[in-house]
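Undergrad: okay, sequence plus prediction incoming.
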Amino acid sequence: MKHRYLAFIIALLSGAIITLLLIPAHLSNKQLWILFFVTASVIFILVWVFNEYIIYRDLNKLDLLLKKLASDPEYNKIDLQSLKLRQTQDLATDINNYFRTKNILVDDLLKKSDLRKQFIADVSHELKSPLFSAQGYVHTLLDGAIKDKAVRDKFLKKAARNLDYLDILVQDLLTLSQIESQAIRMLPEHFDIVSLALEVKEDRESRATKAGVTVTCNFDEAPSIVYGDYTRITQVLTNLINNGINYNKKGGSVSIDINEQKDGVLISVIDTGEGIAKEYHEKVFNRFFRIDKSRTMKKSTGLGLAIVKHILENHFTRINIDSELGKGSTFSFKLARDKVSTSEQV
């Protein structure tokens with residue numbers, strides 16, 4: 001009804017203005033009144049038709065669109081061609097885009113909320129196991145077992161082992177969190193990847209010897225210069241070699257292969273361990289993922305490969321896996337030789 005009142009007021013004002021303008025034409029009062037009513041009526045009809053069938057019809061369709069989008073985020077059936085004015089077509093497009101963007105953001109927030117809840121649950125579980133174990137050993141000692149030297153030494157070693165695992169877990173959590181939040185920034189430089197691989201091999205040999213595994217390093221040429229964060233690539237190789245040792249068998253081997261390629265240097269860590277079934281190839285890079293949690297709880301924190309994945313993504317490259325159950329695994333990634341080609345890595 002409001003648009004009719006508006007049309008009526010516009011018609012009266014327009015009729016009055018036109019009549020006043022024609023007064024100097026020496027028309028009679030009757031003619032002026034007839035002119036006023038005819039002019040006002042014509043303008044009223046024109047304004048009413050324009051409002052009713054163009055402006056308000058478009059606004060009603062926009063109102064319907066808003067109500068539908070509010071109740072059903074997937075609704076997107078309005079025909080833009082049915083809107084008469086270009087401005088209302090643009091507005092309808094903007095409304096659709098706004099709701100689409102909003103829904104994407106809401107879905108993203110919900111996904112992040114679910115991931116946060118799952119992460120908290122996983123962290124709680126991972127922290128609880130070594131903490132409760134160490135607590136149990138300490139309480140057993142306090143209850144009187146401390147008097148027996150053999151039992152005391154045995155339980156203290158087990159408690160220390162659990163606390164060491166807890167320390168590694170917390171450090172890995174902090175590292176992963178800092179990388180994901182970009183609190184740790186990559187500091188790229190040119191360095192010799194062969195020299196780095198030999199250092200990591202030497203550092204891991206003691207652990208490998210205890211596990212009955214040999215670690216070797218094979219390369220095409222030395223030095224082999226790459227561009228990346230020396231400290232973080234050290235962490236990548238360390239985690240991959242640890243993974244190869246942890247899930248290997250006595251008499252098995254882990255080798256670091258460095259191959260020169262046209263578009264960079266390919267680094268592969270190959271082990272003769274248990275292997276990974278194809279359905280788990282993507283999942284092994286998830287935080288806390290373990291194929292057999294009962295057997296691998298003390299082998300690793302379940303964060304090593306997740307850290308590897310994030311570090312390499314920050315180097316504009318990715319970690320690849322080639323593995324079959326019972327046939328060992330190969331984890332490989334490529335590093336650029338210089339800064340120019342780093343952004344071209346996929």
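TA: Received, thanks.
Undergrad: any weak-confidence spans in the stretch 51-200 of the chain?
TA: 51-90, 114-115, 118-119, 121-122, 125-126 (pLDDT under 70).
Undergrad: and the strands in it?
TA: All strands of the stretch 51-200 of the chain, identified by DSSP state E, counting those that start in this stretch, fall at 188-192.
Undergrad: can you give me the helices in it?
TA: For the stretch 51-200 of the chain, the helices defined by DSSP state H, counting those that start in this stretch occupy 56-71, 86-142, 149-180, 193-211.
Undergrad: if we compare the ones you listed, which one ends up closest to Ala306?
TA: helix 149-180 (6.0 Å; C-beta to C-beta). Every C-beta, even on glycine, is put in place using the N, C-alpha and C of the backbone.
Undergrad: angle of that closest one against helix 86-142?
TA: 170 degrees (axes from the mean of the first three to the mean of the last three C-alpha atoms, to 10 degrees).
Undergrad: so what does helix 149-180 touch, helix or strand wise?
TA: On a contact count with 3 or more C-beta pairs under 8 Å, 6 or more residues apart in numbering; DSSP states H and E, helix 149-180 meets helix 86-142, helix 304-313.
Undergrad: returning to what we had before: distance to Thr317 and mean neighbour count added to the helices of the stretch 51-200 of the chain, as a markdown table?
TA: Output for these, formatted as a markdown table (distance: least, C-beta to C-beta, whole Å; neighbours: other C-beta atoms under 10 Å):
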| stretch | distance to Thr317 | mean neighbour count |
| --- | --- | --- |
| helix 56-71 | 41 | 14 |
| helix 86-142 | 24 | 13 |
| helix 149-180 | 15 | 15 |
| helix 193-211 | 13 | 17 |
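Undergrad: make JSON lines from those helices and add distance to Leu187 to it.
TA: Shown next, in JSON lines, are the helices of the stretch 51-200 of the chain (distance: least, C-beta to C-beta, whole Å):
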{"stretch": "helix 56-71", "distance to Leu187": "47"}
{"stretch": "helix 86-142", "distance to Leu187": "27"}
{"stretch": "helix 149-180", "distance to Leu187": "13"}
{"stretch": "helix 193-211", "distance to Leu187": "15"}
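Undergrad: so which of the helices and strands packed on helix 149-180 gets nearest Gly326?
TA: If you check each of the helices and strands packed on helix 149-180 against Gly326 by C-beta to C-beta, helix 304-313 wins as the nearest, at 19.6 Å.
Undergrad: what comes into contact with the closest one?
TA: With contact meaning C-beta atoms under 8 Å, 6 or more residues apart in numbering, helix 304-313 is reached by 172, 175-176, 179-180, 186, 229, 232-233, 235-236, 239-240, 242-243, 284-287, 318-319, 331, 333.
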